[in-house]
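Enquirer: Turn this into a structure:
(one chain, ligands or ions: 2)
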Amino acid sequence: MPAVPVAADAPVRVRFCPSPTGNPHVGMVRTCLFNWAYARRTGGTFIFRIEDTDSARDSEESYSQLLASLRWLGFDWDEGPEVGGPHEPYRQSERMGIYADVAARLEAAGFAYRCFCTPEELEERREAARAAGKTPGYDGHCRELSDADAAAYRAEGRQAALRFRMPGHDFTWDDVVRGELQFAAEHVPDYVLVRANGEPLYTLVNPVDDALMGVTHVLRGEDLLSSTPRQIALHNALADVGVGQGTMPFFGHLPYVMGEGNRKLSKRDPESSLQMYRDEGYLPEGLANYLALLGWSFGEDREFFSKEEMATVFDVARVNPNPARFDLAKCTAINGDWIRQLEPVDLASRLVPYLQTAGVLSETVSPEQMDLLHQAVPLVQERMEVLTQGVSMLGFLFVGDRFRVNADDAAAVLTDESAPVLAAAHEALRATQIWDTAAIEAALRDALIAGLGLKPKVAFTAVRVAVTGRRVSPPLFESLELLGREVSLHRLATARAERR
Ligand code: GLU
Ligand code: ZN
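Expert: Ligands and ions are numbered 1, 2, ... in the order given. Here you go, the predicted structure:
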């Protein structure tokens with residue numbers, strides 16, 4: 001079997017092809033981002049394919065989440081669900097006829113054969129191989145079965161899987177990320193393409209669709225490295241039976257993402273869940289920016305950039321093969337940078353859904369509330385790294401009678417010693433006729449710093465907690481101005497009464 005040439009001069013076609021199982025996670029998004037950026041930089045095509053052939057594990061819910069996540073992150077795709085394309089359908093569950101046909105062709109041409117071994121038999125023989133110090137892979141038991149042997153197995157009621165016949169030589173390829181890689185033949189035994197129950201496996205459907213869809217670059221996580229020699233062998237066979245365009249894709253394996261304690265970030269780690277970032281109020285721009293740094297760098301120490309900027313320069317050949325460490329604190333800091341450079345009006349509208357989820361705003365937001373939010377946003381823009389922090393800092397402005405002082409802050413600050421502070425602040429503000437930042441500040445400084453001889457921190461923290469409900473708030477005097485005279489005095493009076 002001649003080896004087919006790599007797709008060297010063809011226009012780039014890359015694919016992102018997740019399985020819709022469980023919740024979308026950051027590793028997945030990083031793979032998507034690198035593929036997308038490579039397609040955009042080269043003027044190529046970005047294909048989005050859904051690998052939903054495992055009916056036991058895939059779910060519609062997970063599929064919808066996937067699409068929603070990619071849209072939230074601002075990805076667009078040239079071929080795939082919702083947009084269509086020349087190789088429809090892009091959900092593998094809808095391509096079963098194609099796989100059955102290809103499987104039949106591979107079998108007819110002798111590239112695959114029927115294997116009647118039961119799982120128990122396979123395990124037994126693997127065990128024996130291990131005991132004998134041999135590599136425990138498939139031992140080729142059914143490779144040369146005669147028609148009579150096969151008939152005898154069938155008569156026993158056995159069903160056969162379809163197994164790919166590996167060519168028996170070593171494999172070498174020039175990985176776009178990792179350079180030349182080699183796999184010895186003995187480490188890549190014959191493998192199952194179609195289960196005995198007729199279900200085609202990832203091992204078949206993924207390379208088949210890469211071939212049919214003319215994928216030129218397979219860019220994916222390092223965890224799939226060991227499947228590559230099998231896939232190369234299968235691509236050669238597919239070309240032979242006339243499936244696809246007779247070229248070999250380039251392979252590039254993106255580095256592992258490591259979590260705490262130098263182990264691989266797992267789907268179960270909380271910082272791995274995309275939903276966590278949405279819930280906490282990370283901006284899609286900030287998250288994409290951080291994920292780009294997992295294995296790649298813009299150069300010139302530049303760490304703040306949009307994915308569109310990334311896409312003007314991204315070259316997969318410059319991806320660093322070493323494991324990348326996931327650093328949530330850094331991700332959060334970059335998100336803070338993104339928040340700080342938003343237009344305040346934009347930031348305000350991004351805060352609205354979070355204020356609604358928190359129950360601070362109701363579904364319909366009045367023009368007055370929006371106006372107040374626009375005035376308040378510049379006060380917190382510098383102080384927040386995720387949108388939910390903005391919600392906890394600004395909630396006091398919108399909750400009216402539902403206002404409650406946060407219990408922890410009350411316990412720490414509104415002690416008996418704060419009673420005279422609250423009383424003095426209340427009296428001083430009650431006597432203030434003009435209600436603006438300057439007048440409020442003057443009145444409070446006069447009463448608390450000059451009058452009671454307190455340090456500003458002690459004096460103002462008590463007032464802050466009484467009126468905003470928290471120790472972390474927007475600047476105090478501005479907050480009081482925005483909150484208004486009546487409500488501010490009411491809250492001080494309440495806090496004062498509770499301390500008496
Ligand atoms: N569906 C596979 C996965 O999610 C795709 C692997 C590949 O890119 O080949 O792991
Ligand atoms: Zn067998």
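
Enquirer: make it CA atoms for all contacts and neighbour counts henceforth
Expert: OK.

Enquirer: Report the contact partners of residue 15.
Expert: Residues in contact with residue 15 (Cα atoms under 8 Å, 6 or more residues apart in numbering) are 35, 46-49, 215, 217-219.

Enquirer: That one: which element?
Expert: Using DSSP states H and E, residue 15 sits in strand 13-16.

Enquirer: What lies in contact with the helix or strand just after that strand?
Expert: Once the chain leaves strand 13-16, the next helix or strand it forms, by DSSP H and E, is helix 26-42. Helix 26-42 has contacts (Cα under 8 Å, 6+ apart) with 11-16, 18, 44-46, 75, 77, 219-221, 254, 257, 272-274, 288, 291-292, 294, 307-308, 310-316.

Enquirer: Can I have the buried ones of the residues you listed as a PyMOL selection?
Expert: Isolation of the buried members of those (16 or more other Cα atoms under 10 Å) is achieved in PyMOL through the command below:
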select buried, resi 12+13+14+15+16+18+44+45+46+77+219+220+221+254+257+272+273+274+288+291+292+294+307+310+311+314+315+316
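
Enquirer: Where strands are concerned, which of the contacts of residue 15 count?
Expert: With strands defined by DSSP state E, the entries of these inside them are 46-48, 217-219.

Enquirer: Export those residues as CSV, with columns for distance to residue 122.
Expert: Shown next, in CSV, are those (distance: Cα to Cα, whole Å):
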residue, distance to residue 122
46, 40
47, 37
48, 36
217, 35
218, 31
219, 32
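
Enquirer: Just give me the closest of these to residue 326.
Expert: residue 219 (19.7 Å; Cα to Cα).

Enquirer: So that closest one sits against residue 249, correct?
Expert: No: applying Cα atoms under 8 Å, one finds residue 219 not in contact with residue 249, separated by 9.8 Å.

Enquirer: Just put the ones in strands among the contacts of residue 15 in CSV and tack on pLDDT and distance to ligand 2.
Expert: Below are the ones in strands among the contacts of residue 15 laid out as CSV (pLDDT from 0 to 100; distance: Cα to the ion, whole Å):
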residue, pLDDT, distance to ligand 2
46, 98, 39
47, 98, 36
48, 98, 35
217, 98, 33
218, 98, 30
219, 98, 32
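
Enquirer: list the contacts for the residue of the chain most remote from its centre?
Expert: Residue farthest from the centre of the chain, counting by Cα atoms, centre = their mean, is residue 451 at 54.7 Å. Neighbour list for residue 451: empty [criterion: Cα under 8 Å, 6+ apart].

Enquirer: I'd assumed residue 311 was in a helix, is it?
Expert: Yes: judged by DSSP: H, G, I helix; E, B strand; the rest coil, residue 311 forms part of a helix.

Enquirer: before we move on, back to that, so which of the contacts of residue 15 comes closest to residue 110?
Expert: Of the contacts of residue 15, the one sitting nearest to residue 110 (Cα to Cα) turns out to be residue 215, at 25.1 Å.

Enquirer: pLDDT wise, what is the closest one at?
Expert: What the model reports as pLDDT for residue 215 is 98.

Enquirer: Do I have it right that it meets residue 16?
Expert: No: counting by Cα under 8 Å, residue 215 stays clear of residue 16, with 10.6 Å between them.

Enquirer: What lies in contact with stretch 77-92?
Expert: Residues outside stretch 77-92 that contact it (Cα under 8 Å, 6+ apart) are 36, 45-53, 95, 205, 212-213.

Enquirer: which residues sit in contact with residue 178?
Expert: For residue 178, the contact set (Cα under 8 Å, 6+ apart) comprises 252-253, 321.

Enquirer: Specify which member of the residues you listed is nearest to ligand 2.
Expert: Closest approach to ligand 2 among those (Cα to the ion): residue 253, at 31.2 Å.

Enquirer: give the contact list for the closest one.
Expert: Neighbours of residue 253 in contact, by Cα under 8 Å, 6+ apart: 175-178, 219-222, 224-225, 321.

Enquirer: rerun at 7 Å
Expert: Contacts for residue 253 (Cα atoms under 7 Å, 6 or more residues apart in numbering) come out as 177, 219-222, 225.

Enquirer: near ligand 1 too, which of the residues you listed?
Expert: With the criterion set as Cα under 6 Å from any ligand atom, the members of these near ligand 1 are residue 220.

Enquirer: In strands, which of the contacts of residue 178 fall?
Expert: Counting by DSSP E, the contacts of residue 178 contribute 252-253 to strands.

Enquirer: With pLDDT and distance to ligand 2 as new columns, can the contacts of residue 178 be given to me in TSV?
Expert: Converted to TSV, the contacts of residue 178 look like this (pLDDT from 0 to 100; distance: Cα to the ion, whole Å):
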residue	pLDDT	distance to ligand 2
252	98	32
253	98	31
321	97	37
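
Enquirer: need the strands for the stretch 201-350 of the chain, in chain order.
Expert: For the stretch 201-350 of the chain, strands defined by DSSP state E, counting those that start in this stretch occupy the ranges 217-221, 250-254, 257-258, 324-325.

Enquirer: Where does the stretch 101-250 of the chain get nearest to ligand 1, which residue?
Expert: Across the stretch 101-250 of the chain, no residue is closer to ligand 1 than residue 220, which sits at 4.8 Å (Cα to the nearest ligand atom).

Enquirer: wait, isn't that residue in contact with residue 254?
Expert: Yes: counting by Cα atoms under 7 Å, residue 220 does reach residue 254; the two are 5.7 Å apart.

Enquirer: hang on, the earlier thing: who's in contact with the residue of the stretch 101-250 of the chain closest to ligand 1?
Expert: Counting by Cα under 7 Å, 6+ apart, residue 220 has contacts 31, 252-254.

Enquirer: farthest pair in the residues you listed?
Expert: The widest separation within those (Cα to Cα) is 10.9 Å, between 31 and 252.

Enquirer: Distance of the closest residue to ligand 1 within the chain relative to residue 76?
Expert: With Cα to the nearest ligand atom as the measure, residue 18 is the residue of the chain nearest to ligand 1, at 3.7 Å. Counting by Cα to Cα, to the nearest Å, the gap from residue 18 to residue 76 is 15 Å.

Enquirer: Stretch 40-57 near ligand 1 at all?
Expert: Yes: remark: stretch 40-57 sits within contact range of ligand 1 at residue 51, by Cα under 6 Å from any ligand atom.

Enquirer: Would you state the helices of the stretch 251-400 of the chain in chain order?
Expert: For the stretch 251-400 of the chain, applying DSSP state H, counting those that start in this stretch gives helices covering 274-280, 284-292, 307-313, 328-340, 344-357, 367-380, 387-394.

Enquirer: What residues sit buried inside the fifth one?
Expert: Same thing as helix 344-357. In helix 344-357, counting by 16+ other Cα under 10 Å, buried: 344, 347-348, 351-355.

Enquirer: what comes into contact with stretch 192-206?
Expert: 99, 159-164.

Enquirer: Quick check: end-to-end length of it?
Expert: 13 Å.

Enquirer: just the contacts of residue 15 now: which is nearest residue 339?
Expert: Closest to residue 339, out of all of the contacts of residue 15 and judged by Cα to Cα, is residue 35, at 26.1 Å.

Enquirer: near ligand 2, which residues of this structure show up?
Expert: 115-117, 141-142 (Cα under 5 Å from the ion).

Enquirer: Quick one: which of those is the most crowded by neighbours?
Expert: residue 115 (25 neighbours; other Cα atoms under 10 Å).

Enquirer: That residue and residue 99: what is the separation?
Expert: From residue 115 to residue 99 the distance is 18 Å (Cα to Cα).

Enquirer: just residue 332 next, same as before
Expert: Using Cα to Cα, one gets 44 Å for the distance from residue 332 to residue 99.
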